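Enquirer: Need a 3D model of the following:
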Amino acid sequence: MGEFTMPSLGADMDEGTLVEWLVEPGAPIRRGDPVAVVETAKSTIEVECFESGTMGRPLVEPGTTVPVGTPLALIETAAGTRGKAGRARKPRKEPQGPPAPERTRPAEPAEPVRTREPVASEAPGHGHVEAGPLIRHLAEKGGVDLAALRGSGPGGRVTRADIERAAAAAPTARTPTARAPRARVTPLARRRAAELGVDLSSVAGTGKDAAIRAEDVSRAASGHAGAPSPPPRTTAAVRASRPSEDQAPAMRRAIARLMSRANRDVPHYYLSTTVDMAVPMDWLHDRNRRSPMSERLLPAALLLKAAALAAHEVPELNGFWTDDRFTAGEGVHLGVAVSLRGGGLIAPVLRGADTLEVPALMSALKDLVSRARTGRLRGSEVSGATLTVTNLGDQGVETVFGVVHPPQVALVGFGRVVDRPWAVDGLLGVRPVVTVTLSADHRATDGAVGARYLTAVDRLLQNPEKL
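Expert: This next block holds a predicted model:
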């Protein structure tokens, strides 16, 4: 038996509010599945589970605010062992991401997930067959008839491999008369639908695998002219439906605390350089002319890719200052500052940004920004950044000097691409240029390292076809 706990989703997070459960007790869950929505001072975030098993008894009701580390629910793990699910330490303590699971007993050799109450069925001619909830779920999803299977596990138990083989061997097994898959509905959404008199069959889900969430029900209810007046909503429900309005004051306080601490504890140094953007802008215009509208790139994509590759070349700026020493990051994970419509900002993470092709990076950036502004980020997307980038060019700002976000040791700023008089080979002309700045922690590096980083950014931008 494991525990799903309130995670730490940032160095400045001490508590969080459980807004909504996304799975019901008894439902199978896999590592990485979002199981709850948590509200922090900065955003509303979907939190994943870090163990596979079956959702157990909830320990905290939606609308409750609890400290980081508080158990929220029990998880019946596959091996019946006790571990922590959904937990994360403060980034200052363990910046590389979610902590490793506690040591557990070796898993049983049988592949299927065992539960305390396995369900038995009789297969004609095949004897006794057992299948747990996860196996039944996989069979239903794959259109496989459990009664027709011969289990390969101990005692004739049906395994996941049996289901996968049967589904692959009979891809057309589903018939027109087969039962249509039932839409997934979160527990809070089901209660909200009952309160508002909304028919769930008419609601389009926006959650994972088209799951219907509470906000989907609220949105559907607002479109029903004859819908009954809803009862007073809970604090959590109000927050979920109006995150930017209700969270703005708390967000401002959280940002103020973090930045005050950073200015007090981090000995900053600042550098800047001006980069000639004629070559990358010409390359960008030529590529966009030959590309469909949906695949066109913005200058921000080139700037982010150059920042990520430069961090790979100068790893002294890509990592964390913890326990009075620098720890290099495992990979380049860019935190991208995003302004929110209701005020404030959040920095979701572009993981492995140095390994992404520019079009893929552009697509990932658009997706992150969209979900950040609608409160649809996941826990893994708001922690673990090794370097933060802020780009205020679209706001008309030409130069930005940011504050290092601890425990990181550097922040890169990009301004607006502007036309300026510029001398090339002794001849004066007008060229597009951008100001690139670096704010860095003097405990980890000196100005010479920062200068090397900015030089690398300039050099990389002059070869856009290689980004």
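
Enquirer: Just confirm Asn288 contacts Leu297, I think it does.
Expert: Yes. Between Asn288 and Leu297 there is a contact at 6.4 Å, judged by C-beta atoms under 8 Å. Any C-beta I mention is one placed from the backbone N, CA and C, and that applies to glycine too.

Enquirer: more neighbours, those two?
Expert: Shown here are Asn288 and Leu297; by other C-beta atoms under 10 Å, Leu297 has more neighbours (20 against 14).

Enquirer: what about that one, which SS state?
Expert: Look at Leu297: counting by DSSP: H, G, I helix; E, B strand; the rest coil, its state is coil.

Enquirer: gap between it and Gly329?
Expert: Distance of Leu297 to Gly329, computed by C-beta to C-beta, to the nearest Å: 26 Å.

Enquirer: dump the residue contacts of the spatially most central residue of the chain.
Expert: In the chain, the C-alpha nearest the mean C-alpha coordinate belongs to Glu381, at 2.8 Å (C-alpha atoms, centre = their mean). Residues in contact with Glu381 (C-beta atoms under 8 Å, 6 or more residues apart in numbering) are 45, 348-349, 368.

Enquirer: Kindly recompute the last result at 6 Å.
Expert: Taking C-beta atoms under 6 Å, 6 or more residues apart in numbering, we find Glu381 in contact with 348-349.

Enquirer: And for the one 4 residues further on?
Expert: Shown here is Ala385, whose contacts under the criterion C-beta under 6 Å, 6+ apart are 333, 335, 349.

Enquirer: Can you pull the phi/psi pair for the nearest residue to it once chain neighbours are set aside?
Expert: Distance criterion C-beta to C-beta, 6 or more residues apart in numbering; nearest residue to Ala385, sequence neighbours excluded, is Gly335 at 3.1 Å. Here is the backbone geometry of Gly335 (degrees, to the nearest 10): phi -90, psi 120.

Enquirer: What of Ala166?
Expert: Dihedral pair for Ala166: phi -70, psi -40, per degrees, to the nearest 10.

Enquirer: So what's the residue count around the nearest residue to it once chain neighbours are set aside?
Expert: Spatial nearest neighbour of Ala166, chain neighbours left out: Val144 (4.6 Å); criterion: C-beta to C-beta, 6+ apart. By other C-beta under 10 Å, the residues close to Val144 number 24.

Enquirer: Over to Ser291?
Expert: By the criterion of other C-beta under 10 Å, Ser291 has 12 neighbours.

Enquirer: Would you map out the domains in the protein?
Expert: Domain ranges of the chain: 2-85, 187-241, 261-466, per automatic domain parsing.

Enquirer: Just say which of these is most tucked in.
Expert: Mean neighbour counts were taken over those using mean count of other C-beta atoms under 10 Å, and the top value, a mean of 21, falls to domain 2-85.

Enquirer: quick one on the thing from earlier: which residues sit in contact with the residue nearest to Ala166?
Expert: Contacts of Val144 by C-beta under 6 Å, 6+ apart are 163, 166-167.

Enquirer: could you pull out the helices for this protein?
Expert: 133-142, 160-169, 187-196, 214-222, 235-241, 243-265, 278-289, 299-313, 358-373, 447-461 (DSSP state H).

Enquirer: between those helices, which one is nearest to Val433?
Expert: helix 278-289 (8.4 Å; C-beta to C-beta).

Enquirer: how about the CA coordinates for that closest one, as PDB?
Expert: Presented in PDB, the C-alpha positions along helix 278-289 are these (Å, rounded to 0.1, in the frame of the first residue of the first chain):
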ATOM      1  CA  ALA A 278      20.000  39.500 -40.100                       C
ATOM      2  CA  VAL A 279      21.100  36.000 -40.900                       C
ATOM      3  CA  PRO A 280      18.600  34.200 -38.700                       C
ATOM      4  CA  MET A 281      15.700  36.500 -39.700                       C
ATOM      5  CA  ASP A 282      16.400  36.000 -43.400                       C
ATOM      6  CA  TRP A 283      16.500  32.200 -42.900                       C
ATOM      7  CA  LEU A 284      13.300  32.400 -40.900                       C
ATOM      8  CA  HIS A 285      11.400  34.400 -43.500                       C
ATOM      9  CA  ASP A 286      12.600  32.100 -46.300                       C
ATOM     10  CA  ARG A 287      11.500  29.000 -44.400                       C
ATOM     11  CA  ASN A 288       8.100  30.500 -43.400                       C
ATOM     12  CA  ARG A 289       7.300  31.400 -47.000                       C
END
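
Enquirer: pLDDT weak spots in the stretch 201-350 of the chain?
Expert: Counting by pLDDT under 70, the stretch 201-350 of the chain has low-confidence residues at 208-209, 223-248.

Enquirer: I'd like to know how far the residue nearest to the centre of the chain sits from Arg219.
Expert: The gap separating Glu381 from Arg219 is 23 Å, by C-beta to C-beta.

Enquirer: doesn't Asp441 make contact with Val409?
Expert: Yes. Taking contacts as C-beta atoms under 6 Å, Val409 lies within contact range of Asp441: 4.0 Å.

Enquirer: Name the residues contacting each of those two.
Expert: Each of Trp321 lies in contact with both Val409 and Asp441 under the rule C-beta under 6 Å, 6+ apart.

Enquirer: OK, contacts around the nearest residue to Gly56 once chain neighbours are set aside?
Expert: Nearest residue to Gly56, sequence neighbours excluded (C-beta to C-beta, 6+ apart): Leu74, at 3.4 Å. Taking C-beta under 6 Å, 6+ apart as the criterion, Leu74 is in contact with 1, 56-57.

Enquirer: Take the residues you listed and lay them out in CSV including distance to Leu340.
Expert: Compiled in CSV, the contacts of Leu74 are given as follows (distance: C-beta to C-beta, whole Å):
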residue, distance to Leu340
Met1, 38
Gly56, 35
Arg57, 35
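
Enquirer: pLDDT for these - can I get that in TSV?
Expert: Formatted as TSV, these follow (pLDDT from 0 to 100):
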residue	pLDDT
Met1	72
Gly56	89
Arg57	86
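
Enquirer: how far away is the residue nearest to Ala166 from Ala27?
Expert: In this structure, Val144 and Ala27 are 19 Å apart, going by C-beta to C-beta.

Enquirer: Over to Thr327?
Expert: Counting by C-beta to C-beta - Thr327 and Ala27 are separated by 38 Å.

Enquirer: how far away is the residue nearest to the centre of the chain from Gly69?
Expert: 21 Å.

Enquirer: Equivalent analysis for Pro406, please.
Expert: Pro406 is 20 Å from Gly69, by C-beta to C-beta.

Enquirer: next one: Arg341
Expert: Distance of Arg341 to Gly69, given as C-beta to C-beta: 31 Å.

Enquirer: ok, now Val144?
Expert: Val144 is 41 Å from Gly69, where distance means C-beta to C-beta.
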